[in-house]
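Engineer: Structure of the sequence below:
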Amino acid sequence: MAWLLVTVAGLFETGFAVSLALSDGFTRLWPTIGFCVFALASFGLLTLSLKKLDVGPAYAVWTGIGASGTAIYGMAFLGDVVSTLKIVSIALVIVGTVGLQFSGSAGERGARPPQL
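Structural biologist: Coordinates of the predicted model:
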């Protein structure tokens, strides 16, 4: 369940990055509102997932999904330049993200660190 939260949080990260670009420096109302909603949802879900997951792999997966999703969305819908190197690089980020999710080091936590 925690990895599902990270995945959805990564998709919301894509939403907030795209909304940020469309907000034109926070001068357009609806993209700015979209940015706020997507950012709160993304950070909120990531925060919930960190109750069960190690921070390093979870954060890497979250940013990998967000970065890949944003780049793909930009190429598909915002007129970003498409190149073979960009597509190969996105594929490598996705492969690395999937690898982190399935690696033994990216599993759910065992012992919790002491509370401060």
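Engineer: Would you check that S19 makes contact with R28?
Structural biologist: No - between S19 and R28 no contact is recorded; they are 9.5 Å apart, counting by Cβ atoms under 8 Å. Backbone N, C-alpha and C define where each C-beta goes, glycine included.
Engineer: These two: which is more packed in?
Structural biologist: Counting neighbours by other Cβ atoms under 10 Å for S19 and for R28 shows that S19 has the greater number, 20 against 14.
Engineer: L11 touches I65, doesn't it?
Structural biologist: Yes - A contact is recorded between L11 and I65 when judged using Cβ under 8 Å, the distance being 6.5 Å.
Engineer: Those two: which has the busier surroundings?
Structural biologist: More neighbours surround I65 than the other of L11 and I65, with 24 against 17 (other Cβ under 10 Å).
Engineer: Which elements pack onto the helix or strand hosting that one?
Structural biologist: Element membership for I65 (DSSP states H and E) is helix 55-77. Other elements packing on helix 55-77 under the criterion 3 or more Cβ pairs under 8 Å, 6 or more residues apart in numbering; DSSP states H and E are helix 2-22, helix 29-49, helix 84-102.
Engineer: Using CSV, please lay out these together with mean pLDDT and distance to F77.
Structural biologist: Shown next, in CSV, are the helices and strands packed on helix 55-77 (pLDDT from 0 to 100; distance: least, Cβ to Cβ, whole Å):
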stretch, mean pLDDT, distance to F77
helix 2-22, 97, 8
helix 29-49, 98, 13
helix 84-102, 91, 15
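Engineer: how much space between the closest residue to A17 other than its chain neighbours and L22?
Structural biologist: Take A17 and drop its neighbours on the chain: the residue closest to it by Cβ to Cβ, 6 or more residues apart in numbering is T70, 4.3 Å away. In this structure, T70 and L22 are 12 Å apart, going by Cβ to Cβ, to the nearest Å.
Engineer: Tell me which of these two has more neighbours.
Structural biologist: When neighbours are counted by other Cβ under 10 Å, T70 and L22 differ, and T70 comes out ahead with 21 against 14.
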